[in-house]
Structure formats: C-alpha cells, structure tokens
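In: I would like the atomic coordinates for the input below:
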Amino acid sequence: MPDVKSDNKPEVKKITASREENTAYMNQVLPIKESYDIVQRDIMIGGRCASFYFIDGFTKDESMLKIMDSFFGVKEEDMPVDATSFARECVPYVEVDVLGDFDAVLKNLLSGATCLFIDGYEACIVIDCRTYPARSVEEPDKDKSLRGSRDGFVETIVFNTALMRRRIRDPHLVMEMVEVGDSSRTDVAICYMSDRVDQELLQNVSNRIKNIQTDALRMNQQSLAECLFKRKWYNPFPKFKFTERPDTATACLLEGKVVLLVDNSPSAMILPTSIFDMIEEANDYYFPTLTNIYLKIARGLITIMTVFLTPVFLLFMQNLNWLPEVFAFVAVKDTVNIPLIWQLLLLEIAIDGLRLAAMNTPSMLSTPLSVIAGLVMGEFSVQSGWFNSEVMLYMAFVSVANYTQPNFELGYALKFMRLELLILTAIFNWWGFLIGTVIIICSICFNKTLSGRSYLNVKLN
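Out: This next block holds a predicted model:
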C-alpha cells in the first residue's frame, strides 16, 4: 500500500541520488520492454553513469546529437555538485528544467520531453527539445475569407499560441497553460488580455477548468465544452463559438473575451458568446462599414428565412383563404399524393443524408455523384409524384441558405427549431405556429452563456 497523506492522496515519490534506483522505478512504471517507442539510453557523463529517457518520434535528433556530443566532452573534475548547477553550466540548450519528483518527470516524458538521470544527483534534468508531428499552417476549409490572412490553426497548441502571439505584441496577452484529464493530461491554454478581460468571467472559466474531474478529454474541445457547461438537451443553441482562424481569435481577445485552445484541436473556443457573435464571420472584419452592415443584415434575414420559410408555406397551404391574391401563385397546383408535412420532413432527412454522403465520398467521385443525386432528387422525384415542385423549391432554398450560416452548431439548432415549428403547425394549425414561434423566442431569450448573462446581450468590460 502506498503512503497516504492526511488528504488521502498518495505521497509523491521523490528522486534519489542513486541512478540505479531511479531507473529501476522508471522501468517498473513504464513499459520499456513492451513499448518500442519509449527508449532508455545509458551513457557516461564526466565519469558518472547517466540514463536518458525519451519518446521516439517526439525528439529532435539533431538537437539531441549536439547535446550528447557536448556531454561527452565534460571531464570528471568539471562535474558540478548538483543537478541545478549541471543544467546551468553543462546543458547547451534553452529549455531546461530540474525536477525532484517522479510524477512531474513522467508527465514531461510522456509529453515528449527528454529526461536525464545522472548518478549522484537527487533530481532529474528535463530537456524540452521535443517536436510534434504537425501539418502545415493553411487556410481552413470552413472559415474562408475573401481578404485577410490565409493561415489557420493546426493540431499543435504551441503553433496556435504562436499564431496569436504574432498578431498581438502586447505584454498584457496572457496564455495560461493547465492540464485536464487524469489519463490524457490534455494541455488547455486559457488566453486573455489581462487589461481588458472581464475578471469575473476569467475567474469563473479558470475555476471550472481546474475543477474538472474526468479521465480524459476524448474528443478534445467538445469534451471540454461538455465538462464546462452541462447543456440542457431541449435547448440546442450553442454556448460556445468556435473558429479555426487566428485573426478572428485575436480580434475576440482584443474585445475582452477569453479564448480556450486545446491540444490536438485545430480550433479556438471563444467565451462569452451571444447569438449576434454566432452569425459573425471573418469577412465582416475585412470590408468597409457599409458593406459590413449590409452583409450582417442579409445574413440575419436569410437566417430568419431558413427557420420560418417552410412553416409559413405549410401554414398558408393549410389555410388557402388567408393567402393574398398577389401571392396566389405560390399555392400548390399539382396533385398532392403525399401530405405536405411528410414531404417537408422527408426532404429534411434526405438533405442531411446527401450532406453526410458528400462528407464520406472520395473527392474524385463527389462531383459526378452530386450531379446524379441532384437529378434524381430534383427531376425524377417530382415526376414520380413523391414530391411537389413547390416543396422542392423551398427546401432547396433552405438547404443552400444553411451554408450562409458560419456556425455549424447554430445551423443545426435552427434546423431543430424549424422541424419543431413544422410539426406543431401541421398538428395545431395557426395555434401550433404561434406556440412554436414562442418556443423559439424563449429558447433564445432564456439561453444563458457560461458567465450567466443573456444569450442576446453579452456585456464586456
């Protein structure tokens, strides 16, 4: 049984001056023989036995070769008296740390750092010459802009913080690193401008992250979002805004918001957020004021139409006497073989099916298959009598208009609201339409952000 402190936590095992004892413990904890990528390398430094531990694939070979070459030149009479002096005088590298307990050593080793044990030193020398496999910095597929930079976040958190630091050369920019997950120990960076951020919000976010009790962030940012805010299943509107563009993230930092970066995730989580932040996109920052206002108004109107177009059409088709004569041409004139509500619901599912199929289709086949799907769904489905041409027209508009919405989560939230409105209108006629509209308004008005503020108005210092 391990020694237990008064707070019921296992006592942290300290590093001893015996290299044999230290390496024996490391070999007991780590699967050295079973796992090929965990490497132990024994050498002689200044007449003393020393052992390197590192992860194959995380270490810069060129840097380690130069460091080891300098170690071989250390003479026995030149060996410092302790590990701190050795790290300061004999390690020709920038990022060097001296640790005294095995828990911190194992965390650094499994993160990619190189750990060095030297006989006679009661500490481990950690050399952070790691490198992570990473793709090149390129413009994200989702958050494209007509102007501005063409770079985007990648899966390596150090690169992502550098992309933001490059844009904000201000000492008030703080990037605090914390760990989440007992097994994964995922790095999470809390980024904010110390002179502009809402301190109450910052304290709230920081406390929530540090108090998360979970084994691992299995799905990176999504897992973190679920740990931070237990969302209500009946309210699909998102609590967070995500972006893959560093320029958008830095613009939000300068507005006083908090940005969260999760290692292995190529996007940033922005807090707090509102419904107005959700419908913004990068192009809004790169155009003149008049163009910017027009684009926001157009996007807002199209967003409203994606929710209400098909329910209003269904409502008027159920009450043809309400239809003004000037709009009489919108009435369905062909034979309706399947009730309109079922046509609309079937097409909602079919559009999602086409979207999922496009995501999983090889790029070389996506164009011909899209043409085939368009012909079958558009022409032959109307001719066969399954769908009416008016229904196909309005659903085609809705499916295309969904892509004017830059936020993926908000797009599906609006879709769920539209489905709810369609079903209530079909069952209860105009009463159902009125009730559905009230539910949509209440879902937005009573939706609270992480800071507890209204979803319609997020006030910052």
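
In: assign a three-state SS to the residue lying closest to Glu89 once chain neighbours are set aside, would you?
Out: What sits nearest to Glu89 in space, not counting adjacent residues and going by Cβ to Cβ, 6 or more residues apart in numbering, is Pro80, at 5.6 Å. The way it works is simple: take the backbone N, C-alpha and C, and place the C-beta from them, glycine included. Assigned with DSSP: H, G, I helix; E, B strand; the rest coil, Pro80 falls in the coil class.

In: isn't Pro80 up against Val74?
Out: No. The pair Pro80 / Val74 is not scored as a contact, 9.4 Å apart, by Cβ atoms under 8 Å.

In: joint contacts of those two?
Out: Applying Cβ atoms under 8 Å, 6 or more residues apart in numbering, one finds that Pro80 and Val74 are jointly contacted by Cys90.

In: re the thing from before, who are the contact partners of the residue nearest to Glu89?
Out: Listed by Cβ under 8 Å, 6+ apart, the contact set of Pro80 reads Phe86, Arg88, Glu89, Cys90.

In: from Asp128, how far out is it?
Out: Taking Cβ to Cβ, to the nearest Å as the measure, Pro80 falls 20 Å from Asp128.

In: could you say which helix or strand holds Tyr294?
Out: helix 289-318 (DSSP states H and E).

In: what's the closest non-adjacent residue to Ser206?
Out: Leaving out its chain neighbours, the residue that sits closest to Ser206 by Cβ to Cβ, 6+ apart is Ile190, at 6.1 Å.

In: just to revisit the earlier point, export the contacts of Pro80 as a markdown table, with columns for pLDDT, neighbour count and secondary structure.
Out: Shown next, in a markdown table, are the contacts of Pro80 (pLDDT from 0 to 100; neighbours: other Cβ atoms under 10 Å; DSSP: H, G, I helix; E, B strand; the rest coil):
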| residue | pLDDT | neighbour count | secondary structure |
| --- | --- | --- | --- |
| Phe86 | 93 | 24 | helix |
| Arg88 | 92 | 12 | helix |
| Glu89 | 91 | 12 | helix |
| Cys90 | 91 | 20 | coil |
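
In: out of those residues, which comes closest to Pro246?
Out: Arg88 (35.6 Å; Cβ to Cβ).

In: so how far is Glu20 from the closest one?
Out: For Arg88, the distance to Glu20 equals 26 Å [Cβ to Cβ].

In: among the helices and strands of the chain, which has the poorest mean pLDDT?
Out: None of the helices or strands of the chain scores lower by mean pLDDT, DSSP states H and E than helix 363-375, at a mean of 67.

In: same for the helix or strand following that one, what does it pack against?
Out: Going down the chain from helix 363-375, the next helix or strand is helix 381-383, by DSSP H and E. With contacts defined as 3 or more Cβ pairs under 8 Å, 6 or more residues apart in numbering; DSSP states H and E, the packing partners of helix 381-383 are helix 389-401.

In: pull out the buried positions in the helix it packs on.
Out: The neighbour-count check on helix 389-401 (16 or more other Cβ atoms under 10 Å) flags Glu390, Val391, Met392, Tyr394, Met395, Val398, Ser399, Ala401 as buried.

In: quick check: angle from the helix or strand just after that helix to helix 289-318?
Out: Where DSSP H and E defines the elements, the next helix or strand beyond helix 389-401 is helix 408-445. Helix 408-445 runs at 70 degrees relative to helix 289-318, counting by axes from the mean of the first three to the mean of the last three Cα atoms, to 10 degrees.

In: quick one: low-confidence ranges for the chain?
Out: Regions of the chain meeting the criterion pLDDT under 70 cover residues 1-11, 231-232, 363-371, 373-378, 451-452, 457-461.

In: how near is the most far-flung residue of it relative to its centre to Phe86?
Out: Most distant from the centre of the chain: Glu77, at 52.8 Å, with distances by Cα atoms, centre = their mean. Look at Glu77 and Phe86: by Cβ to Cβ, they are 14 Å apart.

In: and if you look at Asp215?
Out: 37 Å.

In: how far does stretch 64-77 sit from the chain's center?
Out: In terms of Cα atoms, centre = their mean, to the nearest Å, the centre of stretch 64-77 is set 43 Å apart from its chain centre.
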